[in-house]
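Participant: Sharing a model that was predicted from the sequence below.
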Amino acid sequence: MNYQATAARSHCALIHSNAQLNPCIRRPTALSSAPTRASFPRTLHRFSKGRGATMLKANDTKGSTSTQQGLTMASPQTQASAFSLLSISSAALATLAIFLPPELLLNAAFPASAQSALDPVFLRIAGATLVISSAVEYCLKDAAENGRLASATYQRLMVGCAVKSTAYLAAFAASPDVWSPLVVALYPTAAAASLALNVGVLQANNKQQQGKEPASLAVPLSSSTRDGWIYSAFALIYIGTALACWAPAGGPSLFSPDISESAAGQLLKHTWSPGFLLAAVACINLKDAADRGRLGASTFKRLNLGIAGLETAYSMSFAGAMFSGMAPTDLSSPAGSNLAASLGIALFCLWKGTQSKK
């Protein structure tokens with residue numbers, strides 16, 4: 001008995017000395033047992049009022065934000081990637097339409113349709129109008145990466161892209177006689193994707209700007225600067241040209257009346273209209289930038305160069321039609337004035353796109 005009591009006391013003394021040497025060893029006390037049920041409400045109350053409440057609130061906010069971004073494409077990286085893909089697609093299609101032998105594309109797209117001598121010219125001009133589309137979509141991609149899509153400049157461009165895409169779909173719907181498997185597979189696809197993207201981003205921006213004064217998208221045509229007046233004139237020219245693209249076959253035309261237009265050519269001519277409408281929106285933005293002394297900013301340089309590229313490709317295509325006898329060569333005729341105006345716009349926008357300073 002004395003031996004057992006002595007051993008027990010020695011064991012307790014050993015634990016006590018180890019606890020003093022190593023604070024990680026807890027002393028055997030009555031409180032070292034499992035906490036009582038009554039202690040849980042007090043612990044939970046302290047957690048919910050202290051740092052735990054902040055952690056819960058932060059996690060809840062983060063989850064809600066992630067869900068909203070997934071539903072509205074509010075992620076800047078997602079938006080930038082989508083606009084980049086559209087820009088690359090527009091540039092690729094423009095390159096094919098302008099530089100590839102037109103017979104290859106026309107025979108593939110319209111194998112069962114009668115063709116006209118004007119179809120290659122119309123195809124190249126359709127490719128020219130895609131140059132401004134690529135430039136605008138690249139500007140939107142850059143704005144998405146830098147979180148600037150909520151500004152009025154980029155909202156105008158997105159509205160312009162949505163209108164352009166709607167006009168593409170209208171042109172496609174108006175020409176069922178020339179639908180082929182390739183045309184049906186490719187023509188409306190990019191337009192529908194662009195329309196969905198731009199409308200989705202505009203809606204996401206509107207949700208994020210709730211409670212704030214919305215940016216004004218209206219721009220008066222009157223200007224306080226010389227360059228502003230010039231861009232206003234360009235915008236009106238593009239709007240008029242876009243409407244003229246829907247003129248019926250056999251009506252007034254810049255091309256020779258002796259050459260009839262095919263059904264495929266009518267679709268191609270209708271396809272010019274969306275690109276010219278987008279060019280008008282770009283000119284409205286450039287007019288606003290000129291009034292604010294901002295033509296040297298990278299976005300407006302790109303828009304100027306995009307319009308210069310459009311008009312350069314258009315001038316080359318139309319001049320080729322004139323030299324081949326498909327359009328009047330008299331420089332005093334409407335065809336000559338059209339070529340002169342196109343070259344003038346190209347040179348002016350090229351000058352502004354390369355020489356404007358911040």
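Facilitator: The structure has been received and is ready for your questions. Numbering: from 1, shown residues only.
Participant: so where's the stretch 1-150 of the chain uncertain?
Facilitator: Residues of the stretch 1-150 of the chain meeting the criterion pLDDT under 70: 1-74.
Participant: which stretches of it form helices?
Facilitator: Shown for the stretch 1-150 of the chain, the helices assigned by DSSP state H, counting those that start in this stretch span residues 2-21, 39-49, 51-72, 76-99, 102-109, 119-145.
Participant: now Ala162, what's its secondary structure?
Facilitator: Secondary structure state of Ala162, per DSSP: H, G, I helix; E, B strand; the rest coil, is helix.
Participant: same question, the one 4 residues further on
Facilitator: For Thr166, the reduced secondary structure class is helix; criterion used: three-state DSSP.
Participant: secondary structure class for Ala249?
Facilitator: coil.
Participant: show me what contacts it?
Facilitator: 260-261, 266 (C-beta atoms under 8 Å, 6 or more residues apart in numbering). Quick note: C-beta positions are derived from backbone N, CA and C, even for glycine.
Participant: ok, of these, which come out buried?
Facilitator: In the contacts of Ala249, burial by neighbour count holds for 261, 266, counting by 16 or more other C-beta atoms under 10 Å.
Participant: pLDDT and distance to Asp142 for the contacts of Ala249 - can I get that in CSV?
Facilitator: Listed next are the contacts of Ala249 as CSV, based on pLDDT from 0 to 100; distance: C-beta to C-beta, whole Å:
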residue, pLDDT, distance to Asp142
Ser260, 89, 44
Glu261, 91, 39
Gln266, 94, 36
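Participant: of all the contacts of Ala249, which comes closest to Leu254?
Facilitator: Glu261 (12.0 Å; C-beta to C-beta).
Participant: for that closest one, helix, strand, or coil?
Facilitator: Classified using three-state DSSP, Glu261 is coil.
Participant: Would you mind confirming that it makes contact with Ser116?
Facilitator: Yes: taking contacts as C-beta atoms under 8 Å, Glu261 lies within contact range of Ser116: 5.8 Å.
Participant: Just the buried residues of whichever strand or helix holds Arg156, please?
Facilitator: Using DSSP states H and E, Arg156 maps to helix 152-173. By neighbour count on 16+ other C-beta under 10 Å, the buried set for helix 152-173 is 153-158, 160-168, 171-172.
Participant: Domain map for the protein?
Facilitator: 1-27, 34-72, 76-355 (automatic domain parsing).
Participant: Check these for me and report the most buried one.
Facilitator: Looking across the domains of the chain with neighbours counted as mean count of other C-beta atoms under 10 Å, the highest average goes to domain 76-355: a mean of 18.
Participant: Any idea how far apart the tips of that domain sit?
Facilitator: 31 Å (C-alpha to C-alpha, to the nearest Å).
Participant: Gln209: what's its closest spatial neighbour, skipping adjacent residues?
Facilitator: Closest residue to Gln209 apart from its sequence neighbours, by C-beta to C-beta, 6 or more residues apart in numbering: Ala150 at 6.2 Å.
Participant: which other residues reach stretch 286-297?
Facilitator: For stretch 286-297, contacts defined as C-beta under 8 Å, 6+ apart pick out 152-153, 219, 221, 223-225, 227-228, 231-232, 234-235, 300-301, 303-304, 352, 356-358.
Participant: Contacts only, for Pro274.
Facilitator: Residues near Pro274 by C-beta under 8 Å, 6+ apart: 129, 163-165, 167-168, 171, 242.
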